[in-house]
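# output the structure for:
(one chain, ligands or ions: 1)
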Amino acid sequence: MKKVNYAVALLLAFVLGFGNPVKADEGMWLPMLIGKNYNQMKKQGFKLTPEDLYSVNKASIKDAIVSFGGFCTGEIVSKNGLILTNHHCGYDAVASNSTVENNILDNGFYAKSYQEEKPIQGLFVRFLVRMEDVTPKVMAALNNVEEKDKAAKIAEISKTISADATAGKTWEADVRDVYKANQYLLFIYERFNDIRLVGTPPQSIGKFGGDTDNWEWPRQTGDFSVFRVYADQNNKSATYSATNKPYTPKKSLPISIKGVKNGDFSMVYGFPGRTDRYLTSYGVQMAIEKTNPTIVKLRDIRLKAWKEEMDKSDDTRLALSSIYANIANYWKYFIGQTEQLKRLKIYEEKQKQENDFSQWALSSPENANLMAQYKNAYSAFEPYAVHFTYLNEGLLASPWVRNVSQLGSTIKSMNARKDDSAYISQLNQNLNTMVSTYQKTYNETADKKIFAQVLSSFYNDVPKSQHPKFIALIVEDFWKGSAEATFQNYADNLWKNSKLIEPESLRKFLSNPSIEELQNDPAYKYALNLVPQDYVKNNFGTVYSQFQAEKNRLDNLYLKALLAKNKGALIYPDANSTMRISYGQIQNYSPKDGITYNITTTIDGMMAKYQPGDDEFDLPQSLIDAYAKRDFRQYAENGTLNVGFISNNDITGGNSGSPVLNGSGELIGIAFDGNWEAMSGDIAFDKQYKRTISVDIRFVLWCIDVLGGAKNIINEMDIRTNKLPVPKEKLILK
Ligand code: ARG
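Residues are numbered from 1 along each chain as shown. Predicted structure coming up:
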C-alpha cells in the first residue's frame with residue numbers, strides 16, 4: 001500500500017483517535033524493541049533472534065530494508081544492490097520513461113546488463129543506520145517552557161540532537177514523536193540518490209485487475225518492479241554518475257520458493273506511513289459524515305475528466321496514467337473506509353471504549369473529562385470540515401494554482417538580486433523544472449473542466465457564510481444562470497486571457513518576467529487568494545489552528561493515560577513512516593456467511609479474469625503462451641503457479657513493496673495491498689477481517705525468468721528450495 005499523498009495526510013492529520021491494548025497479529029512494532037515480542041513470535045514459528053532482525057553491532061535484516069522514495073518500502077535481494085518493490089511504487093518511474101515509441105509501461109522491460117538499467121532522476125532510497133530513544137533529552141529541554149513555546153522548542157532540540165548524531169557523517173537524521181508526543185525517537189539514515197530501473201512487467205500484469213480489483217481479495221496482480229542502488233567507487237552514496245557502481249549492501253535477503261500454507265508464520269518489515277488507531281468516536285463520525293464523502297466527490301471530478309482524455313489518445317494516456325493511478329487509489333480507499341467504518345460499527349466500538357476510559361478516569365482530575373473536551377473541540381470545527389477538505393482536495397488540486405500563486409515572490413526576489421548571477425541562474429533552473437513538471441500532465445480540456453466543476457461544487461457544498469470574497473466576485477462578474485455555467489464561463493475567460501496557465505505561454509512569460517504584467521494577469525489575481533497559509537488564516541480565522549492545537553493536547557493526554565491504564569502491556573505506537581515489524585500468520589478468512597476465501601490465488605484464476613483488449617483485465621501474449629504450455633518450472637506448486645497470498649499482518653500505506661518473510665527470514669512475497677472487508681483498518685484493526693495481500697515471490701521470479709528471459713537478474717539472487725523440480729509430464733497431465 002503506497003503512502004497516502006501529502007494533501008490527504010494533512011486531512012487525516014486532524015482526525016485522531018483511540019484503540020485497545022494489543023491483540024495478537026495487530027501491531028506495527030519498533031524493530032529496536034522487538035525483543036519484547038520475542039516469546040510470542042517464537043511460539044508462532046519465528047526461528048531467528050531479535051538480533052537477526054535489528055542490530056547496531058552486526059549486519060541484520062534491517063540493513064536489507066529501504067524506504068523507497070519516501071512513499072514505499074523496498075528490499076535488497078542481491079549482493080549487487082538489487083531492490084524489489086511494488087509495480088505501483090515504481091509506476092511513476094516507469095511511466096515517465098515511457099513514450100509511444102518505447103512504451104515500457106505497456107510492454108514491460110528487463111535490463112539484460114547494467115548498461116541497460118535506466119537512471120531515475122529524483123528517486124532515492126534510505127537505509128536505517130539506527131534508532132534511539134531520546135525522550136529524556138527532549139523532555140529536559142521542555143522543562144519550564146510555556147505551552148505556546150513548546151513546538152518551537154521541540155523543533156530546536158530535535159535539530160540539535162540530529163546534528164550531533166550526524167556530525168562528520170553523510171547521514172541524515174530525524175527526531176519523531178510516538179504515542180502522540182509522549183515519547184521521542186531519533187532515526188538516523190543513509191540516503192542513496194542514484195537509483196536505476198532494472199525491470200518491470202507490462203502494466204497489464206503489474207496492475208492486473210486495475211481499480212476494479214484494487215483493495216480487494218481474491219487478487220491476481222503481479223505488483224512488483226525491480227531497481228538497483230548505485231554508489232561511488234568507495235561504495236558510498238553519490239549523485240548519478242556513469243562511473244558509479246552497483247552498491248554492495250551490508251545484508252541481502254535470501255528467497256524461499258517453498259511456498260506458503262495456512263498458519264505459517266509470516267512477518268512484514270517496512271515503513272508504514274500513518275495510522276490513526278487512537279482516533280476517537282468524534283473523529284470517526286467526522287470522517288464518515290464530512291471528510292470522506294467530500295474527498296471522494298472531488299476525486300471523482302478529477303478522475304472522470306482525466307479518463308475522458310486518456311481514452312482519446314495513447315500519448316495522453318501515458319502522460320496522465322501515473323497521477324490517475326494515484327488519485328484513484330485513495331479515491332477507492334476512502335469509499336471503502338467509510339463503508340467499513342459503518343459496517344463494522346467502529347463508531348459504536350470507540351464510544352464503548354471511551355465510556356470505559358471515562359469510568360476508569362473518574363478519579364483523575366486531568367483525565368476525567370477528556371472526552372467532553374474532545375466533543376467540544378470537534379463541535380467547534382465540524383461546521384468547517386467540508387470547507388477545509390475542499391482546500392486541498394479541490395481548490396489546490398489544479399496544479400497551475402499552486403505554481404502561479406508563488407510567482408510574485410519569486411519574481412520580486414529575482415528583481416531584487418538581479419546582479420547575483422548564480423542566484424538568478426538557480427532560480428531560472430527551478431522555474432524550468434517547475435514548468436516541465438507541470439507541462440507533463442497539463443491537459444487543457446481536463447484541467448479546465450476540473451477547475452470549473454470544483455468551483456461550482458464548492459459554491460453548492462460549502463456554507464455560503466464561509467465563502468471567501470473572491471467567490472462572490474466571480475459570481476457577480478461571470479453569472480450565467482447556474483453555478484456550473486458561471487464557473488465554466490469564468491474558466492473559459494481565464495484560459496483565454498491569462499499568460500500563466502498554458503505551459504508554453506507560461507514559459508515565454510518566465511523568460512522575461514514583468515511584475516506589472518503578472519499583477520494584471522487574471523490567473524495570478526485568482527491564485528493569490530489561494531496561498532495555503534493565507535487562505536487558512538483568512539477563511540478559518542483561528543478555528544483550524546485552535547482545533548489542531550486542542551486536538552494535539554488532548555491526544556497527548558489521552559495516550560499518556562492509556563499507557564498508564566495498560567502499564568506492563570505491549571502497546572505499539574501509530575505508524576509514522578518509521579521502520580516497523582509486524583508479525584502473524586498466513587491466514588484465510590470468511591468475508592461473509594457461507595464463504596471462505598483461500599489463502600492463495602493462481603494463474604488459473606488470472607486467466608479466468610482475462611479479457612482481451614480490456615483496460616484492466618488484459619494480459620500480454622507471453623503470459624498466455626507460457627500458460628498454454630503450463631511452463632511454470634521450479635516456481636510451480638501442485639501443477640499451477642501461485643500469484644498472490646494473504647496473511648493477517650498489520651500494514652498500511654507506505655508498507656507497499658515490503659518484504660513478507662517466513663520464520664527463517666527468507667523472502668516469500670512482496671506486500672502490496674489491504675482487503676475490502678477491513679478498509680477501516682487504519683482507524684481500527686479488525687482481527688477477524690484484516691489481511692495483507694502480497695504477490696508470491698515465485699510469480700515474481702517466473703515473470704522475470706520465463707516471461708522476461710532475464711536470467712541475469714535471477715542469477716544474482718539467493719533462491720532456496722527444498723523440493724525437487726516437478727517432472728514436466730505431471731504438469732501437462734494436470
Ligand atoms: N491499493 C494499493 C496500495 O495502496 C495500490 C494498488 C495500485 N493499483 C491500482 N490499481 N491502483 O498500496
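
# longest helix anywhere in the protein?
The longest helix of the chain (DSSP state H) is helix 314-343.

# report all helices and strands that it contacts.
helix 87-95, helix 292-310, helix 421-441 (3 or more C-beta pairs under 8 Å, 6 or more residues apart in numbering; DSSP states H and E). The way it works is simple: take the backbone N, C-alpha and C, and place the C-beta from them, glycine included.

# which elements pack onto the shortest one?
In this case it means helix 87-95. Applying 3+ C-beta pairs under 8 Å, 6+ apart, one finds that helix 87-95 contacts strand 72-76, helix 104-107, strand 194-200, helix 203-206, strand 225-231, helix 314-343.

# in the longest helix of the chain, what's buried?
316-341 (16 or more other C-beta atoms under 10 Å).

# and the ligand, which of these contact it?
Near the ligand, judged by C-beta under 6 Å from any ligand atom, the entries from the buried residues of helix 314-343 are 325, 328-329.

# so which bits of the stretch 301-450 of the chain are right by the ligand?
Contact residues, the stretch 301-450 of the chain versus the ligand (C-beta under 6 Å from any ligand atom): 325, 328-329.

# turn those residues into JSON lines, columns for pLDDT.
Formatted as JSON lines, those follow (pLDDT from 0 to 100):
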{"residue": "A325", "pLDDT": "95"}
{"residue": "A328", "pLDDT": "97"}
{"residue": "N329", "pLDDT": "96"}
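
# might you report the residue contacts of the residue of the chain found nearest the ligand?
Residue nearest to the ligand within the chain (C-beta to the nearest ligand atom): M1, separated by 3.2 Å. M1 makes contact with 651-656, 671-674, according to C-beta atoms under 8 Å, 6 or more residues apart in numbering.

# who's L667 bridged to?
Bridge pairing for L667 (DSSP bridges) gives the partners I255, L661.

# count the residues that sit near it.
Using other C-beta atoms under 10 Å, L667 has 25 neighbouring residues.

# that one against K258, yeah?
No - using C-beta atoms under 8 Å, L667 is not in contact with K258; the gap is 11.4 Å.

# residues touching T600, list them.
Here T600 is in contact with 260, 642-645, 696 (criterion: C-beta under 8 Å, 6+ apart).

# among these, which ones are buried?
Applying 16+ other C-beta under 10 Å to those flags 260, 642-645, 696 as buried.

# picking that back up, beyond the longest helix of the chain, next helix or strand please.
helix 346-361 (DSSP states H and E).

# average pLDDT across the helix or strand just after that next one?
Counting by DSSP H and E, the element after helix 346-361 in chain order, helix or strand, is helix 370-381. The pLDDT scores in helix 370-381 average 98.

# on contacts alone, who are the packing partners of helix 370-381?
Using 3+ C-beta pairs under 8 Å, 6+ apart: helix 370-381 touches helix 281-286, helix 346-361, helix 543-565.

# neighbouring contacts of the second one?
For helix 346-361, contacts defined as C-beta under 8 Å, 6+ apart pick out 17-20, 279-281, 284-285, 288, 340-341, 367-371, 558, 561-562, 565, 680, 683-684.

# rewinding a little: possible to save the contacts of M1 as JSON lines with neighbour count, pLDDT and distance to T294?
Shown next, in JSON lines, are the contacts of M1 (neighbours: other C-beta atoms under 10 Å; pLDDT from 0 to 100; distance: C-beta to C-beta, whole Å):
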{"residue": "I651", "neighbour count": "31", "pLDDT": "98", "distance to T294": "26"}
{"residue": "T652", "neighbour count": "26", "pLDDT": "98", "distance to T294": "22"}
{"residue": "G653", "neighbour count": "27", "pLDDT": "97", "distance to T294": "20"}
{"residue": "G654", "neighbour count": "28", "pLDDT": "97", "distance to T294": "24"}
{"residue": "N655", "neighbour count": "30", "pLDDT": "98", "distance to T294": "26"}
{"residue": "S656", "neighbour count": "30", "pLDDT": "98", "distance to T294": "25"}
{"residue": "A671", "neighbour count": "27", "pLDDT": "98", "distance to T294": "30"}
{"residue": "F672", "neighbour count": "30", "pLDDT": "98", "distance to T294": "28"}
{"residue": "D673", "neighbour count": "29", "pLDDT": "98", "distance to T294": "24"}
{"residue": "G674", "neighbour count": "27", "pLDDT": "97", "distance to T294": "22"}
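
# who's in contact with the residue nearest to P31 when sequence neighbours are not counted?
Of all residues not flanking P31 in the chain, Y54 sits nearest, at 3.7 Å (C-beta to C-beta, 6 or more residues apart in numbering). By C-beta under 8 Å, 6+ apart, the contact list for Y54 reads 31-32, 34, 60-62.

# need the max-distance pair from those.
Spanning the widest gap among the contacts of Y54 are M32 and I61, at 13.1 Å by C-beta to C-beta.

# higher neighbour count, those two?
I61 (23 against 20).

# isn't the more buried one right up against Y269?
Yes - I61 lies in contact with Y269 (C-beta under 8 Å); the separation is 6.3 Å.

# skipping adjacent residues, who's closest to D673 in space?
D673 sits nearest to I693 (C-beta to C-beta, 6+ apart), 4.1 Å away.

# doesn't L395 make contact with F451?
No - the criterion here is C-beta under 8 Å, and F451 misses it with L395 at 9.5 Å.

# who has more neighbours, these two?
F451 (26 against 20).

# what residues does the stretch 1-150 of the chain have near the ligand?
1-2, 88.

# now do the strands in the stretch 51-200 of the chain.
Counting by DSSP state E, counting those that start in this stretch, the stretch 51-200 of the chain has these strands, from start to end: 65-68, 72-76, 82-85, 109-110, 118-119, 125-133, 172-178, 183-192, 194-200.

# could I get the full set of strands for the stretch 401-550 of the chain?
Read by DSSP E, counting those that start in this stretch, the stretch 401-550 of the chain holds no strands at all.

# which stretches of the stretch 251-400 of the chain have low pLDDT?
Scanning the stretch 251-400 of the chain for pLDDT under 70 picks out nothing.

# ignore the last one, the chain
Using pLDDT under 70, the chain drops low at 4-24, 722-734.

# mind running it again at 80?
The model of the chain has pLDDT under 80 over residues 1-24, 722-734.

# for the stretch 1-150 of the chain, just list every one of the helices.
Along the stretch 1-150 of the chain, counting by DSSP state H, counting those that start in this stretch, helices occupy 6-13, 38-44, 50-53, 87-95, 104-107, 135-142, 150-166.

# the contacts of T600: which ones sit near the ligand?
With C-beta under 6 Å from any ligand atom as the criterion, those include none near the ligand.

# among these, which are in helices?
Per DSSP H, those never map to helices.

# from the residues you listed, which is closest to V226?
D696 (15.9 Å).

# in the sheet, who's paired with that closest one?
Counting by DSSP bridges, the residues bridging with D696 are G669.

# next, the contact list for it, please.
By C-beta under 8 Å, 6+ apart, the neighbours of D696 are 259-260, 600, 642-645, 668-669.

# grab the nearest non-local neighbour of L506.
L506 sits nearest to L500 (C-beta to C-beta, 6+ apart), 5.3 Å away.

# rewinding a little: need the strands of the stretch 51-200 of the chain in CSV with mean neighbour count, can you?
Formatted as CSV, the strands of the stretch 51-200 of the chain follow (neighbours: other C-beta atoms under 10 Å):
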stretch, mean neighbour count
strand 65-68, 28
strand 72-76, 29
strand 82-85, 28
strand 109-110, 23
strand 118-119, 16
strand 125-133, 20
strand 172-178, 18
strand 183-192, 20
strand 194-200, 26
